[in-house]
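Novice: Prediction below, plus the sequence it came from.
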Amino acid sequence: MRTEKKFFLEKNDDLDVAVDRLIGAKSHVVVLNIPRDSVLASSVNNFHVLKRESNTAEKELHIESIDDRILELAALAKIRAFNPVFKQRERVISDILPKPRFKVPSKKIREEIRSEEEPPEEEIGEENNDEDGEGDFELETIIPPAEARRVFGRTKKRRLTKVIVSFAVLSVIVGGFFVASRVLPRATVEMILKKIPITFAYEVEATSDYKTAAVEGRNIRLPAELLKARGNLTLSFPASGREKVERKAKGTLMVYNAYSSESQVLIATTRFLSPSGKLFRLDEKVRIPGAKIENGKIVPSTIEVKVTADEAGDDYNIGPEEHWRIPGFKGDPRYEGFYADSGGTMQGGFVGEEAVPTEKDLEDGRVKIFSDLESVLEAQTLILLSDDFKVFPGARDFDVLNEKIETANNDGTFNIFAEAELRYLVFKEQTIKETVVSDAGETVLPDMKVRSFSMDYGEPEINLSKASMTFSIGGEAVFEPNFNVEDLKNEFAGQNEEELRKTVFFIAGLERANISLWPFWVNRVPADPDKVKIILD
């Protein structure tokens with residue numbers, strides 16, 4: 001009598017435990033129930049050993065598991081394997097029963113039919129009756145026409161109904177077969193890929209002198225960029241101090257040379273006298289260009305100069321006047337040949353007490369204007385910066401190039417003018433990542449891609465004046481096989497279950513895989529690649 005013994009293994013029960021259970025069993029059939037994620041699933045060689053030991057012990061070995069990988073490995077070792085949840089399958093196609101035979105109505109029924117429709121007609125011949133009142137017609141029996149039409153009409157109708165029902169059943173069967181064979185089948189292949197981690201460490205020198213990245217041993221040369229934004233700003237602030245001041249009026253004059261084609265130099269403080277008798281002095285030394293001679297006539301040359309009143313006070317705040325003279329040329333022909341006009345007003349003359357900025361006013365004003373100017377330049381720089389750039393905190397510099405203070409205005413305020421420049425020394429993180437991956441990738445198999453990348457920076461040494469910096473980097477790049485999913489779908493499409501297993505398990509860089517064909521009766525991958533799902537992990 002054949003006996004059977006089932007053993008339930010644990011996840012950590014290795015090959016030695018399984019072989020002990022197999023050999024020690026006192027039965028002809030041994031069933032090993034292997035749980036999901038068992039250590040036995042690490043290699044198909046485990047199942048080949050179990051098969052060999054069962055043959056040696058003259059025992060019939062069965063494997064049952066809910067883990068598809070274990071079932072596949074057992075099948076590869078030619079061990080009978082099944083999922084205990086799906087042991088039995090329902091029948092798909094039902095038996096087709098033969099059609100019932102048509103039976104001729106009995107005499108009693110015929111008479112009832114005849115009495116309802118028409119008077120009885122003369123019968124010719126005799127009838128043979130059975131004891132139960134039913135029987136088949138003999139050749140001598142004649143069925144009345146009306147009865148025959150009724151009987152055979154019903155028969156014809158029944159036959160037509162049966163034909164329609166049979167056609168409908170056949171259509172359902174054909175449609176079900178089409179859906180089961182063409183629409184429902186799906187294939188899912190989950191592939192667990194091998195991961196290869198590579199750690200790295202480099203010293204990086206980044207400067208604007210380098211145009212391309214390069215690796216030299218454990219050193220990386222990296223291109224850097226110095227981004228600049230320059231601008232100026234003028235702000236007014238209230239002056240909280242008071243003091244007695246004397247200011248002289250200021251303005252401009254247009255000086256004419258109608259004397260000679262030779263130029264004339266005027267030294268600083270040269271006096272100019274207005275027609276109204278107000279004396280102003282030249283702020284800086286100037287050279288008045290020589291006049292032109294056209295058609296024998298002198299065409300005066302001109303130059304604009306800045307002048308300041310000889311005395312303080314608002315008496316010198318005068319309007320435009322023409323034909324100013326240079327008193328120093330009086331008694332000389334040049335007195336008539338050189339003159340000036342004021343195109344605008346002379347203003348700013350004042351004597352008295354007014355608001356002036358204190359040292360605190362000036363300091364607060366500087367802080368405010370520098371902060372605002374830095375914000376303006378920051379906004380300009382953001383246009384140049386992008387997410388690709390890496391900026392270290394110390395790789396930024398704000399430098400004030402020029403500062404000017406106008407001590408007081410007539411409304412009790414004073415102005416501060418400032419000009420500054422903002423600079424950033426940056427590099428592209430993507431460039432350094434690509435450089436590291438390219439160098440690290442030389443140690444792995446070909447056709448690998450980066451699954452993950454992590455990198456940390458050391459403390460940088462930055463020299464903005466030379467647009468250079470040095471720093472260290474370290475991290476890890478994890479590589480995995482680079483598969484084209486669409487190519488794999490096309491390769492798997494149409495293969496039977498055995499061909500699919502061989503194709504999948506011989507793919508380079510594969511750690512393990514799970515294959516699922518659905519519904520359960522399907523044993524071939526659909527020919528349509530769109531019905532093949534590949535999951536890479």
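Specialist: Okay, I see it.
Novice: Name the helix or strand of the protein that has the lowest mean pLDDT.
Specialist: helix 107-117 (a mean of 46; mean pLDDT, DSSP states H and E).
Novice: Give me the distance between the closest residue in space to residue 306 that isn't next to it in sequence and residue 351.
Specialist: The shortest distance from residue 306 to any non-neighbouring residue, by C-beta to C-beta, 6 or more residues apart in numbering, is to residue 283 (4.3 Å). Placement of C-beta: from N, CA and C, glycine included. In this view, residue 283 and residue 351 are 20 Å apart by C-beta to C-beta, to the nearest Å.
Novice: on that earlier part again, pLDDT at the residue nearest to residue 306, what is it?
Specialist: At residue 283, the pLDDT value in this model is 95.
Novice: and what of residue 39?
Specialist: Reported pLDDT for residue 39: 92.
Novice: ranges for the strands of the stretch 1-150 of the chain?
Specialist: Counting by DSSP state E, counting those that start in this stretch, the stretch 1-150 of the chain has these strands, from start to end: 4-8, 29-33, 60-64, 80-82.
Novice: Repeat that for the stretch 151-300 of the chain.
Specialist: Under DSSP E, counting those that start in this stretch, the stretch 151-300 of the chain gives strands at 186-193, 196-207, 214-216, 219-223, 225-238, 241-257, 264-266, 271-273, 279-282, 286-288, 292-294, 297-299.
Novice: Can you add distance to residue 529 and mean neighbour count and give these back as CSV?
Specialist: CSV is the format used below for the strands of the stretch 151-300 of the chain (distance: least, C-beta to C-beta, whole Å; neighbours: other C-beta atoms under 10 Å):
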stretch, distance to residue 529, mean neighbour count
strand 186-193, 10, 18
strand 196-207, 29, 17
strand 214-216, 41, 12
strand 219-223, 43, 18
strand 225-238, 47, 15
strand 241-257, 85, 17
strand 264-266, 93, 17
strand 271-273, 95, 19
strand 279-282, 92, 19
strand 286-288, 88, 16
strand 292-294, 90, 10
strand 297-299, 91, 12
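Novice: Looking at the ones you listed, spot the one closest to residue 340.
Specialist: For residue 340, the closest of those is strand 241-257, at 4.2 Å, according to C-beta to C-beta.
Novice: so what secondary structure elements neighbour the closest one?
Specialist: Strand 241-257 is packed against strand 279-282, strand 286-288, strand 301-312, strand 338-341, strand 350-356, with contacts defined by 3 or more C-beta pairs under 8 Å, 6 or more residues apart in numbering; DSSP states H and E.
Novice: For these, state which one has the densest average packing.
Specialist: strand 338-341 (a mean of 21; mean count of other C-beta atoms under 10 Å).
Novice: Mark out where each domain of the protein begins and ends.
Specialist: For the chain, automatic domain parsing gives the domain ranges 4-86, 107-179, 248-349.
Novice: hmm, back to that, of the helices and strands packed on strand 241-257, which is nearest residue 468?
Specialist: Residue 468 lies closest to strand 301-312 among the helices and strands packed on strand 241-257, at 45.7 Å (C-beta to C-beta).
Novice: That closest one vs strand 241-257, what angle?
Specialist: Between strand 301-312 and strand 241-257, the angle comes out at 150 degrees (axes from the mean of the first three to the mean of the last three C-alpha atoms, to 10 degrees).
Novice: by contact count, what packs against strand 301-312?
Specialist: Short answer (3+ C-beta pairs under 8 Å, 6+ apart): strand 301-312 packs on strand 241-257, strand 279-282, strand 286-288.
Novice: Can you report phi and psi for the residue nearest in space to the middle of the chain?
Specialist: Centroid-nearest residue in the chain: residue 387, 12.8 Å away (criterion: C-alpha atoms, centre = their mean). With angles defined as degrees, to the nearest 10, residue 387 sits at phi -70, psi -20.
Novice: Please report how far it lies from residue 426.
Specialist: 11 Å.
Novice: sorry, back to before: so which of the helices and strands packed on strand 301-312 gets nearest residue 369?
Specialist: That would be strand 241-257 among the helices and strands packed on strand 301-312, by C-beta to C-beta, at 18.8 Å.
Novice: how far is that closest one from where the chain is centred?
Specialist: 64 Å (C-alpha atoms, centre = their mean, to the nearest Å).
Novice: sec struct for residue 424, please.
Specialist: strand (DSSP: H, G, I helix; E, B strand; the rest coil).
Novice: Who does it form a beta bridge with?
Specialist: residue 227, residue 396 (DSSP bridges).
Novice: contacting residues around it?
Specialist: With contact taken as C-beta atoms under 8 Å, 6 or more residues apart in numbering, residue 424 is in contact with 226, 227, 381, 385, 391, 395, 396.
Novice: do the same with residue 448
Specialist: Shown in contact with residue 448 (C-beta under 8 Å, 6+ apart): 196, 441, 479, 480, 481, 482, 509.
Novice: ok, what's across the strand from it?
Specialist: residue 481.
Novice: mind listing the helices in the protein by residue range?
Specialist: 15-24, 45-56, 68-76, 107-117, 145-178, 334-337, 359-384, 429-440, 485-492, 497-505 (DSSP state H).
Novice: In terms of mean pLDDT, which of those helices ranks lowest?
Specialist: Among the helices of the chain, helix 107-117 scores lowest, at a mean of 46.
Novice: quick one on the thing from earlier: now the strands of the stretch 1-150 of the chain as CSV including mean neighbour count?
Specialist: CSV is the format used below for these (neighbours: other C-beta atoms under 10 Å):
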stretch, mean neighbour count
strand 4-8, 14
strand 29-33, 20
strand 60-64, 20
strand 80-82, 16
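Novice: mind putting those strands in CSV, mean pLDDT and distance to residue 74 included?
Specialist: Formatted as CSV, the strands of the stretch 1-150 of the chain follow (pLDDT from 0 to 100; distance: least, C-beta to C-beta, whole Å):
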stretch, mean pLDDT, distance to residue 74
strand 4-8, 90, 15
strand 29-33, 93, 9
strand 60-64, 94, 4
strand 80-82, 91, 4
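Novice: In CSV: the ones you listed, plus distance to residue 537.
Specialist: Formatted as CSV, those follow (distance: least, C-beta to C-beta, whole Å):
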stretch, distance to residue 537
strand 4-8, 29
strand 29-33, 27
strand 60-64, 26
strand 80-82, 25
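Novice: so which of these comes closest to residue 262?
Specialist: Comparing the strands of the stretch 1-150 of the chain under C-beta to C-beta, the one sitting nearest is strand 80-82, at 117.5 Å.
Novice: just checking, what packs against the closest one?
Specialist: Strand 80-82 packs on strand 60-64, helix 68-76, going by 3+ C-beta pairs under 8 Å, 6+ apart.
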